[in-house]
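Student: Compute the structure for the input listed below.
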Amino acid sequence: MLSWLLAMAIYNPWAQLHTSSQGMAEPIGSYSAGCLQGARSLPLQSPYYQILRPSQGRYYGHSDLVQYITALTARAHQQQLPPLLVGDMAMARGGPFLSGHKSHQIGLDVDFWFRFAKPRLSASQLEHPQPLDMVSTNNRTVNKNFGWQQAALLQFAASDSRVDRIFVHPAIKKALCSSSSPDREWLRKIRPWFGHRAHFHVRLRCPANAVDCKPQKPLPVGDGCGAELESWFSGPTEVTQHAKPNPLPTLPARCEQLLD
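Tutor: Numbers count the residues shown, from 1 in each chain. Presented below is the predicted three-dimensional model:
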């Protein structure tokens, strides 16, 4: 299996690029079929965060994303939260991953783990991190791991105007909806999506000057805490599948230039 995956990695040219391209930072295409010109790398060392699996080289993003992560982790520190664990961003020139996410291709997506870096993780632990599940075994409620720190972090993350939406497990969205906070506007950006039990996925909106960045559809009105949320609990609450390699999508023609 491993040798087959390595052969597939050779087939994916984006996984072979380890330096960003020149030019102005620009996302090209859609979140699930695109590339990234002029990527910026998130600094590997910070007192406010640690980067998971740094050997994979998935710590690149549009300059807006790097600035967003820097601001969020600093704000979390100011609010007495422990250092954050930063997961996948994008590769050096964006493009599709061999495995894992089908998005994260244009440098506007980032994962944060709900587990904090307290104590800070060793180099070995960063390469082989252990997730902390926030959802009960019934898949309908949060467990004791989800507390005020995780809820506060999500509110901080969603309150930034650059954020388009944030994906969490439906049970986590439900827990946030039951809070008594009078501020409900940020909840609109919190979107239920299975698979996000131990981390949340932040997606920034296309920058105003990014003419070749394809935005998602606008979010529905309201805080998303009514029938829309309940529909996620009306059928199977989680689908477990074996990891499969992602087929390479058809990318915009401009992306071919970044492979040279």
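
Student: So, low pLDDT: which residues of the stretch 1-150 of the chain?
Tutor: Applying pLDDT under 70 to the stretch 1-150 of the chain flags residues 1-10.

Student: how does it look with 80?
Tutor: Scanning the stretch 1-150 of the chain with the threshold set as pLDDT under 80 gives 1-11, 99-100.

Student: how about the strands in it?
Tutor: For the stretch 1-150 of the chain, the strands defined by DSSP state E, counting those that start in this stretch occupy 26-30, 33-37, 40-41, 49-51, 60-61, 84-86, 109-113.

Student: Is it possible to get CSV of these that adds distance to Arg93?
Tutor: The C-beta positions use only the backbone N, C-alpha and C, and glycine is treated the same way. CSV is the format used below for the strands of the stretch 1-150 of the chain (distance: least, CB to CB, whole Å):
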stretch, distance to Arg93
strand 26-30, 10
strand 33-37, 6
strand 40-41, 12
strand 49-51, 18
strand 60-61, 8
strand 84-86, 19
strand 109-113, 15
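
Student: Nearest to Pro247, out of those strands?
Tutor: Closest approach to Pro247 among the strands of the stretch 1-150 of the chain is made by strand 33-37 (10.9 Å; CB to CB).

Student: what's the burial count for Asp111?
Tutor: By the measure other CB atoms under 10 Å, the count of residues near Asp111 is 21.

Student: and the nearest residue to it once chain neighbours are set aside, what does it touch?
Tutor: Leaving aside its sequence neighbours, Asp111 sits nearest to Gly87 (CB to CB, 6 or more residues apart in numbering; 3.3 Å). Taking CB atoms under 8 Å, 6 or more residues apart in numbering, we find Gly87 in contact with 52-53, 110-113, 199.

Student: Out of those, which end up buried?
Tutor: Buried members of the contacts of Gly87, scored by 16 or more other CB atoms under 10 Å, are 52, 110-113, 199.

Student: sorry, back to before: and of the strands of the stretch 1-150 of the chain, who's closest to Arg75?
Tutor: Each of those has some distance to Arg75 by CB to CB; the shortest is strand 84-86, at 10.4 Å.

Student: distance between the closest one and the chain's centre?
Tutor: How far strand 84-86 lies from its chain's middle: 11 Å, per CA atoms, centre = their mean, to the nearest Å.

Student: Flag every buried residue along that strand.
Tutor: For strand 84-86, burial by neighbour count (16+ other CB under 10 Å) applies to 84-86.

Student: can you check stretch 66-77 too?
Tutor: Within stretch 66-77, the residues that count as buried by 16+ other CB under 10 Å are 66, 68-69, 72-73, 75-77.

Student: Then stretch 188-197?
Tutor: The neighbour-count check on stretch 188-197 (16+ other CB under 10 Å) flags 188-192, 194, 196-197 as buried.

Student: Now flag whichever of those residues is closest to Val163.
Tutor: Val163 lies nearest to Lys189 out of the buried residues of stretch 188-197, by CB to CB, at 5.7 Å.

Student: Report pLDDT for the closest one.
Tutor: For Lys189, the pLDDT comes out at 97.

Student: Got the phi and psi for the residue nearest to it when sequence neighbours are not counted?
Tutor: Sequence neighbours aside, Ala158 is the residue nearest to Lys189 in space, at 4.4 Å (criterion: CB to CB, 6+ apart). Main-chain dihedrals, Ala158, degrees, to the nearest 10: phi -80, psi -20.
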